[in-house]
Every structure is written in structure tokens, then in C-alpha cells.
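Enquirer: Take this sequence and fold it.
(chains A and B)
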Number of protein chains: 2
Amino acid sequence: MRTFSATSSNRAAAIFSNEPSRPKLVTSSLPGPKVKDGLAELEEVFDTRSANTLVDYERSTGNYLVDADGNTFLDVFAQIASIPLGYNNPELNRASVSPAMVRAIASRPALGSFPSTDYADLLKTGILKAAPQGLNQVFTATTGSDANETAYKAACIWKGTRDRGGRDFSTAELESVMRNQTPGAKKYSIMSFSKGFHGRLFGSLSTTRSKPIHKLDVPAFDWPVAPFPQLKYPLDQFASENAAEERRCLEETERVLDEANDTVAAVVIEPVQAEGGDNHASPAFFRGLRELTKRKGVLMIVDEVQTGVGATGKFWAHEHWNLPSPPDMVTFSKKAQAAGFYFGDAGLRPDKPYRQFNTWMGDPVRALLFKAIYGEIEKHGLVERTARVGGYLYRELEALADKYPQHVLNLRGKDRGTFIAWDCPRREEVLALAKSKGVNMGGSGDAAVRLRPMLVFEKHHADIFLDVLEGVFKRLS
Amino acid sequence: MRTFSATSSNRAAAIFSNEPSRPKLVTSSLPGPKVKDGLAELEEVFDTRSANTLVDYERSTGNYLVDADGNTFLDVFAQIASIPLGYNNPELNRASVSPAMVRAIASRPALGSFPSTDYADLLKTGILKAAPQGLNQVFTATTGSDANETAYKAACIWKGTRDRGGRDFSTAELESVMRNQTPGAKKYSIMSFSKGFHGRLFGSLSTTRSKPIHKLDVPAFDWPVAPFPQLKYPLDQFASENAAEERRCLEETERVLDEANDTVAAVVIEPVQAEGGDNHASPAFFRGLRELTKRKGVLMIVDEVQTGVGATGKFWAHEHWNLPSPPDMVTFSKKAQAAGFYFGDAGLRPDKPYRQFNTWMGDPVRALLFKAIYGEIEKHGLVERTARVGGYLYRELEALADKYPQHVLNLRGKDRGTFIAWDCPRREEVLALAKSKGVNMGGSGDAAVRLRPMLVFEKHHADIFLDVLEGVFKRLS
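Expert: Okay, the predicted model is just below:
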């Protein structure tokens, strides 16, 4: 029975004094007139074909998104999983007007050349305080794509340096690289997994294997791909099949690496393939991949752009795996608001300066914000609470799956906080109906509904969400 | 004779009430103890080998940069040409704490899916108010590399759509693209010029041809390169040779395009090759390139990441060219603080949604800042003033070149505002000595000194700079 929890309600009040108590629609249909007119105006100068709605961020609070017409939605998609602590979070609003923030905005440094006196402290008390165990250094970037591509570059530079065995660049390397030819421009590659998503710039897109629409017509590097396990649900009923599938994928990964004949600099993988349809694999699979990459001398990059910062019930999703040694690099963005990659081995710093460099090297605005985000997460115990709320949400969704098996298939994300998804054959209708009842949800892959609420999503929000969802299922049955 | 101008001094007072009147060094040597210790501390977690100094941005004002020890430098490098209006510009500081800015920081939207009610207005009164003539639409990004790569993607998607001639994606395209193979992943290319610099991610780096150190070990697309004119100085003494060189380069560009056999989607070029050594070409060359690209059905992307926003004495450097028709795309970043690409032809919007998309699609923090920057530039007539100050600075540097021909070779940037450079055989000594006398300058290419002051650089700043520079030359003579 879903009951309103006084404890979590009080806790919510501690963060948001004015969060709405429920969704509320004020227009007779969606989109309402102001959203419609506003999007038409925006369309004149900016492509709006992917726009879900037009948002009044001033009026949006906590877990609730308010559109231009004043419709109030419970938001379990959170700007494609990128809002960590709710709209107009008072502590983040305060952090946004600090003197350090003003400097970061109006006098933005070129951090590689002219770092600020407070940058070491800002990193140590912010981005690096949140660092995964064993990874005590960071290269800062601006977006998830940028974070992944700079990690890929670090891997290629590391491999090139190692393959040269200590000698300096040859004349042939120095000359050929200006024509984008070997031996200066290496034929190295980054191996990724089927259905993986790692961004949309040219290097990151070459590792993205989610959907054709992300890739068509764009030139791509001929980089290898390995199969990601396709598990059967419920997991406990298919334990041996799933273990066999994961073994098969690891063997195939090894075969692909061997076939690539020592040209793979790194393997990149998401803890949960989010954009590709919320595909999970077991900790044993990831431990196997860590063992394999170590054995083959290939770096392991864990892309935590979507999974990082608490949503899975651990601060970093790869903490669920009990790895014998940490990943070589962990990339982050989205809910961190800042972006970049963590690493531990000093050998991943290029052997010479200016090999990995750019004008801004990240954004101190977002570094300051991540520090504030981390502080709030710690102060309110939001990762642990997300684990609990997610556990509750998962159990209630299991009950709904029993009741409406035609709408909830392959429920996944058990013990992964609120990072929950299921396959939904009539997904587009479900999403539209939920929206018409005041819940903003998102999809992923071909058929999945993915829940990506914020870390301020509590049990009573889950109850509202579950009630709306059940109403949608009833209506469709 | 360099005389202190009362008019420009008053104008400076109008913007900065507390700008230092001159450089001032307080430590007996550089780096001072606090810079040294601070960089050592930062080095533990962040690569500082490219760091010039450690900056106290709180104490930096207008054209003056203050380091951790309190040394005050006249800054004519401006964070690698990215600070538009001085440190702690009061109007930009004010814009940094507006309610809209707080929302943009703490409740950052996924602009492609959930744009804000005020985004159309923000674009129209900011980024698009500053747009080059004929280009009334924008795709927003986060950095110069990101701006260029999304422009390249737009070009490839445009070409793919055109080459398909209206038919939908084939099964072969949909299937092959997931393996990064043709026909889905096209063998299209972006042609760039020798010594060009367009960024450092995988696609942009494939068009960058500045220095080996930028490119070594990183896989690159096998994309074509054409020669950029190598002009002889002074221009008026080598008019016919230079015209012949530019004709040769255009003919060679045409040959490279023909050889590429209709695989080139776009040509990308800087108005002045900045990172590559401040290499100029004449307006006639760029008009010739516009004519050639039109004739060949290839898009022309003008990379104004470093040249844009006033430094050349026009808001966009390509305004100097009198093009018969505008470039197809113009990319921007750095002094705009915002980033992206402008375009005019609606055909450059992909034919389907989600082909060009990412989570954040730019950053409203920087869109708000660019609006404030543009407003200040207009209000104070800073582009016109930069043209005048640049003219004065150039003439004085001509006089120094006559006096110290061994230190000032191939002076360039006449009638290009403060976007001035020269070749300096003993560059590293000149830069270090200038710094020890309180002037922060930068280099580019193999031998050039590049001046990149802000748009608040006035005649009396130029006088201080020129005095220091002459002192350096005397010392070295």
C-alpha cells in the first residue's frame, strides 16, 4: 500500500518550502496555447522539432516542471537525466550568485594557461571530493561528448607514448601527421559495445551504437564493436542463460580485441546503457571486462555521464561492481553539471605539455555548481535515500507488472536506485497519456520507458507517479 | 608621438572606475612565491605544464591581470583571445547575477527538448542580434571545437540528404551505419587549409593543420587539405607576387576538390589563421573561395572563433571581404563566450529531428552573457574604437619595425583592428622580458607574436604596451 510518508515529506520541506503537492493541468489539452505560440516563435530561429514543451523555469520547483501555460508536471525525466537536485533548488540558487560564480561567468579563465588562485581548492573540495575511489586526478571538459573524446585522446596519446618505448617523435611521424596519415596519426581505435551511447561529435559518435538516426551521413572511424549482453528478465528466472550470454559477450570481446591486433587503445562502456534502451549487465560481466582489459593492456573507460551522481543508489554506478582495480578513466557530465574524466595513473597525463589542451579546459561555473551539488547530496544523504526510494518504486512497479503484464515487460533496475526502466509495447501512448495526467516521462531505445527522476524524488512523489501510471494502464486496458 | 588621450581616458573611466594606470611588479622575480606554490599545489590534481601564471581574478580589472603575488600585468593576450570586455567588467558582473542567469545556472535546460519560455527572445535580442548579415538562424554549442564539429555535421547531413535526392534512408544505410561503414556512414570530408586551426576533438582536429604537437597519436580522418596563401610583407611591395600566390592557392584548392570527386561536404577557413601563426589572405582570395565553393556545390564555413566579435575592427572579420553572397555557416566562440554556428539556408536544418541533437545544445549562461557583451559593445562603440586604436597601434609598430628590424618582421594586421602580429626571431626572450616588465603577450605559429587585446584596449594602453616593447627591444639590441 502506498502511504504518504511524513518523514520524507518533512525532509522535502527542508529543501523546498514551496514545492507543489501534486501535478495540475490548467489547459484543456496539450500543448496549451502559450506553448504552441511560443514554440512557433522559437522555430523561426531554432529547430524545435524535438521540443517536448516550452518551460517556465521561473515557476518550476523541485520535482515539478511548469510549462508556459502554467501546467504543472511531476518530472521524472529531469532534462534528459541532467537535473540533480530539482528546479530552483534554494542552495544551488544561492551558489549561483556567489562572488566566485560571478568571476567564473564574467571573467572566464583559460584554465590550462591562466588557472585561478582558487582552482586547486575548488577541484579538491568539489569535483575531486566526489571522485571515484582510486582516481584522484581530473581533466575538466564541458559536455559528455567532450568528456569522452578527451578521455579517448588521453588513451591514444598514452598508447602512442608506450608504443614508442621512450623514443621521441620521428621525422616521419611529425611530417605525416600534418596530412592525417600514419605513422603520425595513428590507426588506434576505441572499442565500444552494441547499443552503447557515448555522444555525438565525430569521435564519440564513432563509439555510439544506439540508433541509426544518431549516425546517418556522418563520417565515422572504422572502430571495432563488441556485443553487449542481452539479458532475459526476470533475472532470477534466467540466471544460467544470462551468465552464459555474458560469458559469450566477454569471449567475443576478447576475440574482437585479438583481431584488432593491438590497435585498440581503450574500451568504453556504460554501467547501464541508457540511451540504447536501459540495458543492464551483471557486476560479474564488468569484473570480467576489467580482468580482460588488464590482461590485454587496453584501457577501460567507464562512461558515467548518465549513471553517475547518485541515481543508481551509489554515487558512481560502477561502485556496484566490486572491481578488483578501478577503471582507468571515468567520464562524467549531466547531473554533475560539470564534465570531464577522472583518472588515477599519472601516465595518463600526456608526456609533453599542449598535447591535450584547449582554450577553456572546462568551465569553473559548473565546477562551482558541482561542488554545491555534492555538498547538498552529502548533507541530505540523497544517494542513500535514492537507493531506498528506488527500492520502493521498483517493488511497486513489480506489482504493477503483475497486474498489467501487457504494459510492463522486462522491468529492470532492481537495487539500482531510481535508475529503472521497462519495455512498453504501447510506449508512445503511455508517455502521451501520462503527460496529459501531469507526469513527464521519457523513453530510451526502441521500446523502453526510462525513469530518470532527480535525487530529491521521494516516496510521496513515487506514489503520485505510480497512481498516474496505473491510471494510464487502466485507460489502455 | 604617443600622447595620453583625455577622451579615451574618460571613456575608460566610464567602464572601469578602478583600472590600474600602469603595470606594477611587486616580486623581485617571476614567478613569485605564491604563484610557484599555488601551481605546485594545483599540479597534484591538474596538469599545469602549460600554465603561464596563477591568476587572482578577484583583483584583476579591465585590461589588467593580477597574479597570485599581486603583480599587475597589462594583458594583451586576454585568455587566449577570449575575454571581450575586460576583467570584472561591471556590466557583465551585473548580468551575472540576474534572475535569468541564476535559472540558467541552477536549473539548466535541455534546450532541444525543453526550451525556456524566454529562449526565443534571448536569441533574438542577443546571439542573433549579433549575427552576420544574411545568417538569421543559429545552432548553439559550448566551445569552438563543438561549434565547428556541429557545423561539419550539419554539412554532412545536408550533403547526404541532397545526394539521396529525396528518397528515404535505404536498408543498407540503416544497417551499415551501425558498423560505421558505408553507405550509412559516408566517406564525406571537410576540406581545410594548411596551417589552419579549428579545434582539438576528433573531427575538428582532423581539419586542424597548425602543429604536429596538436595532432600526434590521435586518429584522424583522411580529409583533404589545400594550401593557404603565404604572403610576403610589406604587402604593397609584393602586390603582384601575392596576387599570384593567392591565384595558385585557389587553383590548387579547385584541383583538390576535383580530385576528391564530390566527397567534400564543406570547406572550412579562418579569416586570419590565428593559432597557425597569424596568416592573412586578401579579401579577393576569400571572394574567390566563395565563388569556387558555390560553383562546386560545396559549403563554405568561416571559422570566426578567434576573429569574431570586434577585434579586427569589424564585428565579424569576414565583413572585410565584401562577399557577393554570405558564407553558408559562420562559427563562433571565445570572445562571444557563447558558441555555435550561424546559418541562413533552412536546408541546413536536418531534414528530420534528432539528427543533430544533444542534451544541452549550448548553454543559456553564455547566451545571456553574449547578449550583455553585445549590448556593451554597441553602447560604447567598441568595434569602431578598436578599429581606431588598432590603426594607431599598427602605425606605431611600423615605426618600431623600422627602428628594430631584427625584432619586428612581417608586421601584419593593417586595417584589421588590434588583430596584429609579427614574426620575432627571438620570440621567447621577447615574451619573457615583456612579462618581466608587466606585459602579458602571446605567441602563435612557429615565430609570431600575436596581439589579442580586449575591446576595452585604448590608446593609452597601446602607449604603455609600446613603451614596454621598445624597452625590451633596446635591452636585446
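
Enquirer: So which residues of the stretch 301-450 of chain A form strands?
Expert: A:329-332, A:339-343, A:409-412, A:420-423, A:439-440, A:442-444, A:448-451 (DSSP state E, counting those that start in this stretch).

Enquirer: which residues does residue A:214 contact?
Expert: A:197, A:200, A:205, A:208, B:354-355 (C-beta atoms under 8 Å, 6 or more residues apart in numbering or on different chains). Using the backbone N, CA and C atoms, a C-beta is placed for each residue, glycine as well.

Enquirer: if we go to 7 Å?
Expert: Residue A:214 is in contact with A:200, A:205, A:208, counting by C-beta atoms under 7 Å, 6 or more residues apart in numbering or on different chains.

Enquirer: These into a markdown table, with extra columns for secondary structure, distance to chain B and pLDDT?
Expert: Formatted as a markdown table, the contacts of residue A:214 follow (DSSP: H, G, I helix; E, B strand; the rest coil; distance: C-beta to the nearest C-beta, whole Å; pLDDT from 0 to 100):
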| residue | secondary structure | distance to chain B | pLDDT |
| --- | --- | --- | --- |
| A:200 | coil | 5 | 98 |
| A:205 | helix | 8 | 98 |
| A:208 | coil | 10 | 98 |
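
Enquirer: ranking the strands of the stretch 301-450 of chain A by burial, who's on top?
Expert: strand A:329-332 (a mean of 30; mean count of other C-beta atoms under 10 Å in any protein chain shown).

Enquirer: JSON lines please, covering the contacts of residue A:214 and showing neighbour count.
Expert: Listed next are the contacts of residue A:214 as JSON lines, based on neighbours: other C-beta atoms under 10 Å in any protein chain shown:
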{"residue": "A:200", "neighbour count": "22"}
{"residue": "A:205", "neighbour count": "26"}
{"residue": "A:208", "neighbour count": "26"}
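
Enquirer: so which of those residues comes closest to residue B:55?
Expert: residue A:200 (33.6 Å; C-beta to C-beta).

Enquirer: Isn't the closest one up against residue A:145?
Expert: Yes - the pair residue A:200 / residue A:145 is scored as a contact, 5.8 Å apart, by C-beta atoms under 7 Å.

Enquirer: Mutual contacts of these two, please.
Expert: Common neighbours of residue A:200 and residue A:145 (C-beta under 7 Å, 6+ apart) are residue B:358.

Enquirer: Let me see the contact set for residue A:52.
Expert: B:113-114.

Enquirer: now residue A:219
Expert: A:202, B:156, B:185-189, B:221.

Enquirer: Among these, filter down to the buried ones and hand me the ChimeraX syntax, if you would.
Expert: Taking 16 or more other C-beta atoms under 10 Å in any protein chain shown as the burial criterion, the selection of buried members of the contacts of residue A:219 in ChimeraX is written as:
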select /A:202 /B:156,185,186,188,189,221
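
Enquirer: Inside strands: which ones of the contacts of residue A:219?
Expert: Those of the contacts of residue A:219 mapping onto strands are residue B:189, per DSSP state E.

Enquirer: just the contacts of residue A:219 now: which is nearest residue B:394?
Expert: Nearest to residue B:394 among the contacts of residue A:219, counting by C-beta to C-beta, is residue B:189 at 37.5 Å.

Enquirer: Residue B:361 is nearest to which of the strands of the stretch 301-450 of chain A?
Expert: strand A:339-343 (14.6 Å).

Enquirer: residue contacts, the residue nearest the centre of chain A?
Expert: Note on chain A: the residue nearest the mean C-alpha position is residue A:306, at 0.8 Å, using C-alpha atoms, centre = their mean. By C-beta under 7 Å, 6+ apart, residue A:306 lies in contact with A:81, A:274, A:334.

Enquirer: Could you check the pLDDT of the second one?
Expert: What that stands for is residue A:274. For residue A:274, the pLDDT comes out at 96.

Enquirer: For residue B:105, see how far away residue A:373 is.
Expert: 11 Å (C-beta to C-beta, to the nearest Å).

Enquirer: Correction: the previous question concerned residue A:449.
Expert: 30 Å.

Enquirer: Equivalent analysis for residue A:148, please.
Expert: 24 Å.

Enquirer: what about those two, which has more around it?
Expert: residue A:148 (30 against 27; other C-beta atoms under 10 Å in any protein chain shown).

Enquirer: mind listing what's buried in the helix or strand hosting that one?
Expert: Per DSSP states H and E, residue A:148 falls inside helix A:144-164. Within helix A:144-164, the residues that qualify as buried by neighbour count (16+ other C-beta under 10 Å) are A:144-161, A:164.

Enquirer: what about that helix and chain B, touching?
Expert: Yes - Helix A:144-164 is in contact with chain B by C-beta under 7 Å from any C-beta of the partner chain, via A:144-146, A:149, A:153, A:156-157, A:160.

Enquirer: Quick one: distance of that helix to the chain centre.
Expert: Put simply, helix A:144-164 sits 20 Å off its chain's centre (C-alpha atoms, centre = their mean, to the nearest Å).

Enquirer: Same check on stretch A:305-325?
Expert: 11 Å.

Enquirer: Give me the distance between residue A:140 and chain B.
Expert: 8 Å (C-beta to the nearest C-beta, to the nearest Å).

Enquirer: backbone phi and psi for that residue, please?
Expert: With angles defined as degrees, to the nearest 10, residue A:140 sits at phi -90, psi 140.

Enquirer: For residue A:279, which residues are in contact?
Expert: Residue A:279 neighbours (C-beta under 7 Å, 6+ apart): A:195, A:228, A:272-273.

Enquirer: residues in contact with the closest residue in space to it that isn't next to it in sequence?
Expert: Leaving aside its chain neighbours, residue A:279 sits nearest to residue A:273 (4.0 Å; criterion: C-beta to C-beta, 6 or more residues apart in numbering or on different chains). Residues near residue A:273 by C-beta under 7 Å, 6+ apart: A:195-197, A:228, A:279.

Enquirer: Who wins on neighbours among the residues you listed?
Expert: residue A:197 (26 neighbours).

Enquirer: Residue A:408 contacts residue A:420, doesn't it?
Expert: No - contact criterion C-beta under 7 Å: residue A:408 and residue A:420 do not qualify, at 10.7 Å.

Enquirer: Between the two, which contacts overlap?
Expert: Joint contacts of residue A:408 and residue A:420 (C-beta under 7 Å, 6+ apart) are residue A:397.

Enquirer: ok, now how distant is residue A:247 from chain B?
Expert: Residue A:247 is 24 Å from chain B, by C-beta to the nearest C-beta.

Enquirer: likewise residue A:26?
Expert: Residue A:26 is 15 Å from chain B, by C-beta to the nearest C-beta.

Enquirer: So for residue A:1, what pLDDT did the model give?
Expert: pLDDT, residue A:1: 40.

Enquirer: for the one 4 residues further on, same thing?
Expert: According to the predicted model, the pLDDT of residue A:5 comes to 44.

Enquirer: Would you mind listing what in the stretch 201-350 of chain A touches chain B?
Expert: Residues of the stretch 201-350 of chain A lying near chain B (C-beta under 7 Å from any C-beta): A:201-203, A:206, A:209, A:212-213, A:215-223, A:225, A:334, A:337, A:349.

Enquirer: Filter the residues you listed down to just the ones in helices.
Expert: A:202-203, A:206 (DSSP state H).
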